[in-house]
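turn this into a structure:
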Amino acid sequence: NKIVIYDKNNQQINEFLSDAPTNKKDNIKVCSSPSEVAQLVDIIALSLPSEDITSNILFGENSINTGFKVSKQKHGLVIDHGTFSTQFVKDCYLKSITNGFSYIDAPVSGGPDGASRGTLSIMIGGNNDDINKAKPILETYSNNIFHFGPVGSGMAAKLVNQALVSMHAAAASEAIYLSKRFGLNDTKLVADMLRESWGQSKVLDLAFDDYINSQMSGSEILNQTKAPLRNLKKDLHCINSDLSSLKQTNN
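Below you'll find the predicted structure:
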């Protein structure tokens, strides 16, 4: 099957094409717009950084919605891997249905390494028919797929995860700082101890490994992450937005 891709950032496209196996490159078509993508396929996966960008890709000029209408696609499906507020994805679902195509929220966890290894966790919200249609694609890059219920429930689960990730990240930074303040200069020994203790977390392991690598290289600069802090800040804003809406509803 042909893979159809679009990204306004040509560097991202070039990196994707460069990483693709040689025998698969002829099966990849690069499109000039989201509309062109939607005219060629019936299932589209999105992984975008913000609600505004996602909304524009779905319903703006030369959008997925435009392409599905041009192709008269009756069974189009959008798989949204972004992390946003639950209200946003519910709105996207309702607008998609109104325009004649389906939508599921399917945020992911596992970072760039999980994506490259095909071991992402996916939290899904949507109806069974749409999820069954999406699964053959999802299973190519995830071995942990969790269906929580209707659209919005997958995002709710992801936000629970992100609340923990933010706390673990802050705690990991404090742990590294505290170990230095206490004069525990064998950072690897501290890390090994924590891996076998109740303070362990995946985020902690990554933080200590990164810090140890920077010590070994003699650099005070940590490795640049492909999951920047601004993404986590955005996720925490989504949590606050949803909680504010729930509070108003309960009142």
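
and the lengthiest helix in the chain, how far out from the chain's middle?
Longest helix of the chain, by residue count under DSSP state H: helix 153-181. Centre-to-centre, helix 153-181 and its host chain are 17 Å apart (CA atoms, centre = their mean, to the nearest Å).

torsion angles phi and psi at residue 146?
Backbone geometry at residue 146, expressed as degrees, to the nearest 10, gives phi -120, psi 120.

tell me how many other residues surround the closest residue to it other than its chain neighbours.
Excluding the flanking residues, the one nearest residue 146 by CB to CB, 6 or more residues apart in numbering is residue 123, at 5.3 Å. In short, each C-beta sits where N, CA and C put it, glycine included. By other CB atoms under 10 Å, 24 other residues sit near residue 123.

element containing residue 123?
For residue 123, the host element (DSSP states H and E) is strand 120-125.

so the residue nearest to residue 146 sits against residue 151, correct?
No. The criterion here is CB atoms under 8 Å, and residue 123 misses it with residue 151 at 11.9 Å.

on that earlier part again, which residues does the residue nearest to residue 146 contact?
Contacts for residue 123 (CB atoms under 8 Å, 6 or more residues apart in numbering) come out as 106, 107, 108, 109, 146, 148, 154, 155, 157, 158, 161.

residue 24: which of those is nearest?
Closest approach to residue 24 among those (CB to CB): residue 108, at 22.0 Å.

pLDDT score assigned to the closest one?
Here the pLDDT value assigned to residue 108 is 97.

then the one 3 residues further on?
We have a pLDDT of 83 for residue 111.

same check on the one 5 residues further on?
Residue-level confidence at residue 116 comes out at 83, pLDDT.

buried stuff in the lowest-mean-pLDDT helix or strand in the chain?
Least confident element among the helices and strands of the chain, by mean pLDDT, DSSP states H and E: helix 111-117 (a mean of 84). When burial is assessed from 16 or more other CB atoms under 10 Å, helix 111-117 yields the following buried residues: 114, 115.

tell me what angle the strand holding residue 123 forms with helix 153-181.
Between strand 120-125 and helix 153-181, the angle comes out at 140 degrees (axes from the mean of the first three to the mean of the last three CA atoms, to 10 degrees).

figure out how far strand 120-125 is from the centre of its chain.
From the chain centre to the centre of strand 120-125 is a distance of 9 Å (CA atoms, centre = their mean).

again, but for stretch 35-43
Relative to its chain's centre, stretch 35-43 lies at 21 Å (CA atoms, centre = their mean).

start at 37 instead
All right, first residue 37 from here; so that's stretch 71-79.

got any ranges where the protein has weak pLDDT?
Along the chain, the model assigns pLDDT under 70 to residues 255-262, 287.

all strands for it, in order.
Using DSSP state E, the strands found in the chain span residues 39-41, 64-66, 79-82, 113-116, 138-141, 144-145, 156-161, 178-185.

which other residues reach the second one?
Translated: strand 64-66. Contacts to strand 64-66, defined as CB under 8 Å, 6+ apart, come from residues 38, 39, 40, 41, 42, 49, 52, 53, 56, 76.

tell me the one among those nearest to residue 150.
Out of the contacts of strand 64-66, the member with the shortest distance to residue 150 (by CB to CB) is residue 52, at 16.9 Å.

nice, that's everything, thank you.
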